[in-house]
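Colleague: here's my sequence, what's the structure:
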Amino acid sequence: MRVALKIAWKMLISGNLKIRYVWDFMVGEYRMYLTKPYYKNGFIALRHPEKVRQHIAEQFIWRLEKTDEKCKRDFSCKHCGCSVPNLQFANRECEGGCYPKMMNKKEWEKYVQAN
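Modeller: Below you'll find the model as predicted:
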């Protein structure tokens, strides 16, 4: 949370803070709070994936795998400044093109079957 507040402060003073980012931050934080992600053998796992819909939990892990290594290492997206991994739980897409917006259940099932 401390990293997220530092990032938000930097965005606020630079003039890059958008209302959309505030909503995305709240959604990401809420989903993080519910699922309690943790590091396990160099990867992030969810303690309580059942507390969010299955397609959301699956997309979180998939989006994290697609995220740029520098963003993961810095805990901040190099494109928008939002906190990582919280950003992967938000509904919007990565501004750097790492992954698309959060898909609904039907879109996600179709995507998984195609790939």
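
Colleague: and the strands in this structure, which stretches?
Modeller: Here the chain has its strands, by DSSP state E, at 37-40, 43-46.

Colleague: buried sites along stretch 65-75?
Modeller: Buried residues in stretch 65-75, counted by 16 or more other Cβ atoms under 10 Å: T67, D68, C71, K72. C-beta here means a position set from N, CA and C on the backbone, and glycine is covered the same way.

Colleague: looking at these, which is nearest Y99?
Modeller: T67 (7.3 Å; Cβ to Cβ).

Colleague: against which helices or strands is the helix ranked longest in the chain packed?
Modeller: For the chain, the longest helix by residue count, based on DSSP state H, is helix 19-35. Contact here means 3 or more Cβ pairs under 8 Å, 6 or more residues apart in numbering; DSSP states H and E; on that basis helix 19-35 packs against helix 2-14, helix 54-66, helix 86-89.

Colleague: swap in 10 Å and give it another go.
Modeller: Using 3 or more Cβ pairs under 10 Å, 6 or more residues apart in numbering; DSSP states H and E, the elements in contact with helix 19-35 are helix 2-14, strand 43-46, helix 54-66, helix 86-89.

Colleague: sorry, back to before: out of the strands of the chain, which is the most enclosed?
Modeller: Among these, strand 43-46 has the highest mean neighbour count (mean count of other Cβ atoms under 10 Å), at a mean of 14.

Colleague: CA atoms only for that strand - export them in PDB, please.
Modeller: Extracted C-alpha coordinates of strand 43-46, given in PDB (Å, rounded to 0.1, in the frame of the first residue of the first chain):
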ATOM      1  CA  PHE A  43       5.700 -16.500  -8.700                       C
ATOM      2  CA  ILE A  44       2.600 -14.800  -7.400                       C
ATOM      3  CA  ALA A  45      -0.200 -17.000  -6.100                       C
ATOM      4  CA  LEU A  46      -3.600 -16.200  -4.600                       C
END
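
Colleague: average pLDDT across that strand?
Modeller: Averaged over strand 43-46, pLDDT sits at 86.

Colleague: name the residue closest to the centre of the protein, please.
Modeller: Q88 (1.4 Å; Cα atoms, centre = their mean).
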